[in-house]
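[1] Quick one, fold the following:
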Amino acid sequence: MASPFKAISDQANQRLADARAQKDGVAQDIREAYFFTNPRLYRQVRSDSPPTTKVDDETQVVTGVGTEANEDFATEVLTAFFPPAIPWVQSMPTANVKKADKAKMVAAAKAVDDQVFDEIRSSNLDAELGTALTPDIGVGTIGLWVDEDSGHLPIRVQHVPIRELEINVGPRGDVDDRFAVKYIRYRSLRAMIPNVEIPAHFAKKIEKKPNEYVRVAWGFWRDWNVRGDEVWTAVIMLDGEVVWHGDRKGEGSVELLVARFAPDNLHAFGNGPSIKALPDLRVLDALTEAQQNRGLTSMNPPFAFPDDGIMNFEGGIRDGMAYPKRPGGGPNDIVPLYFAGDVNLGFFTTEDLRRSIRRKHFADYPEQAGKTPPTATQWADEMAKSQRRLGTPGAKFFNEGPVQIFNRFRFLGQRRKTVQPYEYEGKPLVCRPSNPAAKALEQQEVAMATRLLEILNAFFPQFMATVVDPVKTATALKEKLGDKIITFRSEEEAAALIQKTLEAAPGVQQQLAPPAAGGGAPQ
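    Below is the predicted model:
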């Protein structure tokens, strides 16, 4: 009997083949980036064969800078785009709303955002992000599977490694076709696809050959024939045969999420800092190996002893070995075979390479150049500059990562009736996500305001209390910094307390008075 999914099977297999062709073009870069950041992952990055545990007899990495820089970069991404203390996506009304309604719409959007983040904090997202970001974000692409097992259990997040991820770009340059390909034993097949009717020839293998592997692929691609709504085609494939076909409707309806760092519109996979640093990592690894070999030779040098034979170094010289030579070659018959070279250049070069690798991974933190510690504003300026560097190539990652994760949790929450729809006065509320990485610009504003306050206090201390409104200034700084802990009194309460202070201490009021005409100091 012919399969009822024959037509969709042909289309799905063609899309999967096109996605694999995208990975083939960057597979060597991914393998090499893994080699320097997580050597256990570099052996296989393709999904067309089961994973292997065989250890290849290849050269091992000798420098750990790649691993260290990659982990630092993952921490920076986690801090910048998924800060645990504050909501990392904030829904803001679009710019064309009426000013009178904006405050109410912001409050309505915040109420929904809080419900979404209640679902996020109840899930295992934070723990799974730690697995997903190291080392895949350094390579440039991460995959996450976000779904629910039941309506009363927390939403479950699972990392999809690059080896199991096959993606392709769509007509708009975003990730469109996406597949998660996993090899499992037949005995676990029903647990992986519990709600799918398994064809008889596969069900027979579950009974007869439970320890054999079967390739399971979950595929999704956008249906661009549907206008006005987001609709995706979804399939489940067993060894290339579609056994289930459905669709996904609405923003956040797809289980498989893909986020890329610094991508382009022509290639599916991102161009992460670990790939950009490959030239530096290659040279650093070679220099480090040469320095280690030189150190071993210095501690255990080879030597020559007198013999009737003739010295022959055709096969090279090994540390600690003795080699025969014709006697009478010098005042000492036993001489070291230690060919010195200038290693100082190698040490200077390796330090420059390490600094370059850390910079490419945005891990070049502010350093104290001299004995004098940096001022608070200087440190804030350098940190803001570092955040701005991360925000530019990470803009796409924000839209594909945090925003899509937020949309997926909102979709599932609304389906679970734990998140209310975005509405204001009974009408759908159109919101735009706010990027917390763009807070770097606000950090710069805070640094400039802090510098201005220092200047005013240094040159015009008598004007500070009369010219600068402390309540409004402190409130504005609090909003820019995104603080959610410190609570200020209302302006009325603050004004009443100031008035009581002035009445209790008249001398203070005299000091706060503006100077008399002529520029003299208050008397």
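
[2] Next up, phi/psi of Gly25, please.
    phi -70, psi -20 (degrees, to the nearest 10).

[3] Count the neighbours of it for me.
    Gly25 has 11 neighbouring residues, counting by other C-beta atoms under 10 Å. Where you see a C-beta, it was placed from the backbone N, CA and C, and this is true even at glycine.

[4] Quick check, it in contact with Leu266.
    No. Using C-beta atoms under 8 Å, Gly25 is not in contact with Leu266, being 10.2 Å away.

[5] list the buried ones in stretch 216-227?
    For stretch 216-227, burial by neighbour count (16 or more other C-beta atoms under 10 Å) applies to 216-222.

[6] and those residues, which of them are in helices?
    Secondary structure from DSSP state H places none of the buried residues of stretch 216-227 in helices.

[7] Return the member of the residues you listed nearest to Thr233.
    Among those, Trp221 lies closest to Thr233 (C-beta to C-beta), at 5.4 Å.

[8] I'd say the closest one and Arg15 touch.
    Yes. Look at Trp221 against Arg15 with C-beta under 8 Å: they come within range, at 5.9 Å.

[9] and for these two, which residues touch both?
    Residues touching both Trp221 and Arg15 (C-beta atoms under 8 Å, 6 or more residues apart in numbering): Asp177.

[10] Would you mind measuring from Phe82 to Phe398?
    For Phe82, the distance to Phe398 (C-beta to C-beta, to the nearest Å) stands at 10 Å.

[11] do the same with Trp244
    Trp244 is 33 Å from Phe398, by C-beta to C-beta.

[12] Any idea which helix or strand in the protein has the lowest mean pLDDT?
    The helix or strand of the chain with the poorest confidence is helix 506-512; it has a mean of 52 (mean pLDDT, DSSP states H and E).

[13] rewinding a little: quick one: which of Trp244 and Phe398 has more around it?
    When neighbours are counted by other C-beta under 10 Å, Trp244 and Phe398 differ, and Phe398 comes out ahead with 22 against 17.

[14] how far out from the middle of the chain is stretch 356-363?
    Stretch 356-363 has its average C-alpha position 14 Å from the chain's average C-alpha position, going by C-alpha atoms, centre = their mean, to the nearest Å.

[15] got it, and stretch 259-268?
    Taking C-alpha atoms, centre = their mean, one finds the center of stretch 259-268 at 14 Å from the center of the full chain.

[16] buried sites along that stretch?
    Neighbour-count burial for stretch 259-268 flags 259-263, 267-268 (criterion: 16+ other C-beta under 10 Å).

[17] Then stretch 205-219?
    For stretch 205-219, using 16+ other C-beta under 10 Å, the buried residues are 205-206, 214-219.

[18] quick one, strands of the stretch 401-523 of the chain?
    Taking DSSP state E, counting those that start in this stretch as the criterion, the stretch 401-523 of the chain contains strands spanning 423-424, 427-428, 431-434.

[19] Could you give the average pLDDT over stretch 473-493?
    Averaging pLDDT along stretch 473-493 yields 75.

[20] what kind of secondary structure is Ser356 in?
    helix (DSSP: H, G, I helix; E, B strand; the rest coil).
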